[in-house]
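Enquirer: fold the following, please.
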Amino acid sequence: MTELYAVRMDVALPPDMDPAARDDLLAREKAYSQRWQRSGHWPHIWRCVGQYANLSVFAVDSNEQLHQILWGLPLFPHMSITVTPLAAHPSDIAQDPAHDSTAQDPAHDSTAQDGTAPGPAHDSTAQDPASEGSPAGDTSSD
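Expert: Numbers count the residues shown, from 1 in each chain. You can find the predicted model right below:
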């Protein structure tokens, strides 16, 4: 039976690390992690914005397998790792056999919860304040 774990990995490389050693370490880390991703045991990895950290989901056969994967990470000696076992949530619609994937997105529902038409706070056509003054989809600031 596959077990799911959320794993947060914070990395702290020594500031005086030799640049060539750092590059080699990061290349080995990338190759190792991508091997596990391709195997299906590491289905999700996200960067934590503004931090040298990631949040990953592992799908493994046992906590021992997860332990071995994590200990094998080339960056492991430079990591602080938090592991959280996961279980299905009873409100997850993906777990509901009656789930209709064609149902309308509640964010685009034309009726507010109280039955009234949406106001500015619910108006899906309102421009995002962060994008004011620039055309929608403009990514020139990236």
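
Enquirer: and Cys48, how far is that from Asp24?
Expert: 24 Å (CB to CB, to the nearest Å). All C-beta atoms are positioned from the backbone trio N, CA, C, and that covers glycine.

Enquirer: I misspoke; the intended subject was Leu70.
Expert: For Leu70 relative to Asp24 (CB to CB), the value is 20 Å.

Enquirer: ok, now Ile93?
Expert: Distance from Ile93 to Asp24, by CB to CB: 45 Å.

Enquirer: please, where are all the strands along this protein?
Expert: For the chain, the strands defined by DSSP state E cover 3-11, 44-47, 53-60, 79-86.

Enquirer: for these, which one sits closest to Ala31?
Expert: Set against Ala31 and scored by CB to CB, the strands of the chain come closest in strand 44-47, at 14.1 Å.

Enquirer: give the buried residues for the closest one.
Expert: Ile45 (16 or more other CB atoms under 10 Å).

Enquirer: ok, Ser56 - how many residues close by?
Expert: Here the number of neighbours of Ser56 (other CB atoms under 10 Å) works out to 19.

Enquirer: buried residues in the longest helix seen in the chain, which are they?
Expert: In the chain, ranked by residue count with DSSP state H as the criterion, the top helix is helix 19-39. Along helix 19-39, these residues count as buried under the neighbour rule (16+ other CB under 10 Å): 25, 29, 32-33, 36.
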